Each structure stands twice: as structure tokens, then as C-alpha cells.
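> No letters, just coordinates:
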């Protein structure tokens, strides 16, 4: 008998966050929740679907990813709360680091260290979901749809290395980041690569989705590779745009220099 199909929900929260909810669709299933910045929408989503909470995964310490932990743990005291070993996060029952492998809600996940946005940021990769579907990546604020997180605690070299790891995952991987920033990120990406036809097509599709109040997530890694400038530091057009923006030190095709020029450009982009 085949395994039940996994159901993946982006639960809207706060101003523009998504809290990821994964379950098998069976009544009473113990669901997995990722980065619950607010408990209320998670509680509603679980109750509406007849689910219990089996585990919480946390990618990093920012409040919009951790603010709901205490309330959810009070409601479901049996739930595991798993997060990065090198960040101070209240309420964790398990700390994880690079190379750890978890069995959570019937699924196997690998822990990836992806510093840059914060010093101890981790991601969770479900390389082989039990239903045989494509890989799922819970990447927090490291990789965004058409963008990447700001460097609050890490260096450009750290973030570029983290993104390089994620860029090497299978193209079909579902990218489950945690903010609805896609249209704003695409507007910047169009400035970097105004003649990229994949960007034009993606912007049209995402505008259609948002006009219908639908999320633009999850993305697919193959789509990111074609349209996300922060994964395209070795593309000639992106290199040229970075060189024009920051002739020094990003005057060569060095990946870190190109990435750093793009990130500084995006920080000031309006």
C-alpha cells in the first residue's frame, strides 16, 4: 500500500511570514510545523484539519520565527521543538547542527548549516519524502524566492557559501522560505537582468498569483537558478551588473565579490 501523499501548507502569519505545515492528510496526524512566529494561525490550521502537533522545526532565532513556540508547546506539550545548536532560542527540546539526521513526523530530514543571515542559521532538507515526491527544503531566511536574506550576523563569504550549498540541490527541490517577498525581489532582479526572459515570465505569473491572494511559494530550485540573481553570481550578465554597480572591489568574476555587490545593492534598493 503506497504511503499517504504529504500535504504542504504555507500558513500566513504576521505581516508577510509563512509558517510551513506538513502532514499526511490523515485525521489525527501529528503534523510538522516550521518557524512558528505566531501561534494563533498554527493553532487554527491544526484544529481546522483535525491534526495534532508532533514537532516544531526552527531555522534561526529571530522573533518572527520563534514567537509562537511557547504557546504551541503549552497546547501540545508532547511536541518536539528542534532548532540550531549555536543560537539562543528558548523552548528547544533538541539542538541540531550540520550533519545531523532527524526522524520527524514519519520523515527523514538532514540538517544543513547555512550561516549568513544569522550566525547559527540552519536549514532542513527532506531529500526523500515518504510519498516519493520531490525533495523539500525548509530554508528560513537564507534563500528567498528570487532573493536572499540580509546579512545581519554573517559575512558575504559565509552567505555565498551557504547559497552555493543550496544551489547544488536537485532542481526539483521545493524551496520553502518564510516570507512573501517574491514580487519585491523580482523587481530588483529585473534591474540586475532586464533582458532575462525567465524573469519576465516569472514576474507575470507571480503577479497573477498575488492578485488572486495566492502565495508564490513554494518555489522550485530550478526556477531560482534561472531567476534569482543571488544564485547567479557566475552568469556573465549578473557579473557585468555587479561590476557596474561596484567597480571596486567587485571588479572581477569572483563569486564572493559579485555576491557582496549584489547584496549591498539590494540593501539600498527602493
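Sure, I can see it. Worth saying up front: this structure is predicted, and the values here are computed from it rather than measured. Numbering: from 1, shown residues only.

> residues touching residue 40, list them.
Counting by Cβ atoms under 8 Å, 6 or more residues apart in numbering, residue 40 touches 68, 71. In this view, the C-beta of every residue, glycine as well, is placed from N, C-alpha and C.

> gap between it and residue 179?
From residue 40 across to residue 179, the span is 18 Å (Cβ to Cβ, to the nearest Å).

> Residue 265 now?
19 Å.

> Let's see the pLDDT reported for the nearest residue to residue 242 once chain neighbours are set aside.
Nearest residue to residue 242, sequence neighbours excluded (Cβ to Cβ, 6 or more residues apart in numbering): residue 261, at 3.9 Å. What the model reports for residue 261 is a pLDDT of 93.

> Count the neighbours of residue 261 for me.
25 (other Cβ atoms under 10 Å).

> Wait, residue 26 touches residue 5, no?
No - assessed by Cβ atoms under 8 Å, residue 26 is found out of contact with residue 5, at 10.3 Å.

> contacting residues for the closest residue in space to residue 135 that isn't next to it in sequence?
Once flanking residues are discounted, residue 135 sits nearest to residue 173: 4.3 Å by Cβ to Cβ, 6+ apart. Residues counted as contacts of residue 173 (Cβ under 8 Å, 6+ apart) are 125, 134, 135, 136, 137, 220, 221.

> Taking the centroid of the protein, which residue is nearest it?
residue 177 (2.3 Å; Cα atoms, centre = their mean).

> can I assume that one is in contact with residue 141?
Yes - if you go by Cβ under 8 Å, residue 177 and residue 141 touch, sitting 7.1 Å apart.

> Which of the contacts of residue 173 fall in helices?
residue 221 (DSSP state H).

> Can you pick out the most distant pair from the contacts of residue 173?
125 and 220 (14.4 Å; Cβ to Cβ).

> Looking at those two, which one has more neighbours?
residue 125 (19 against 16).

> now that one, nearest residue through space, not along the chain?
Residue 125 sits nearest to residue 110 (Cβ to Cβ, 6+ apart), 4.7 Å away.

> name the element that neighbour belongs to?
Residue 110 is part of strand 107-113, with elements assigned from DSSP states H and E.

> That strand packs against which elements?
strand 101-104, strand 122-126, helix 156-167 (3 or more Cβ pairs under 8 Å, 6 or more residues apart in numbering; DSSP states H and E).

> Direction-wise, compare the longest one with strand 122-126 and give the angle.
Read that as helix 156-167. Going by axes from the mean of the first three to the mean of the last three Cα atoms, to 10 degrees, helix 156-167 is angled at 10 degrees with respect to strand 122-126.

> And helix 156-167, what's buried?
Residues of helix 156-167 classed as buried: 156, 158, 159, 160, 161, 162, 163, 166, 167 (neighbour count, 16 or more other Cβ atoms under 10 Å).

> Adding distance to residue 200, write these out as CSV.
Below are the buried residues of helix 156-167 laid out as CSV (distance: Cβ to Cβ, whole Å):
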residue, distance to residue 200
156, 28
158, 32
159, 27
160, 26
161, 30
162, 28
163, 23
166, 24
167, 22
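
> out of those, who's nearest residue 52?
residue 166 (31.0 Å).

> Check what contacts the helix or strand hosting residue 73 and list those residues.
Here residue 73, judged by DSSP H and E, is contained in helix 69-75. Contacts to helix 69-75, defined as Cβ under 8 Å, 6+ apart, come from residues 33, 36, 39-40, 42-43, 53, 56, 58, 79, 81, 89-91.

> Select only the buried ones of these in PyMOL?
Those of the contacts of helix 69-75 that count as buried under 16+ other Cβ under 10 Å are selected in PyMOL with:
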select buried, resi 33+36+39+42+43+53+56+58+79+81+89
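
> Helices - which of the contacts of helix 69-75 land there?
Per DSSP H, the subset of the contacts of helix 69-75 in helices is 39, 40, 42, 43.

> Adding pLDDT and distance to residue 199, write those out as CSV.
As requested, the ones in helices among the contacts of helix 69-75 are exported to CSV (pLDDT from 0 to 100; distance: Cβ to Cβ, whole Å):
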residue, pLDDT, distance to residue 199
39, 98, 37
40, 98, 36
42, 98, 34
43, 98, 38
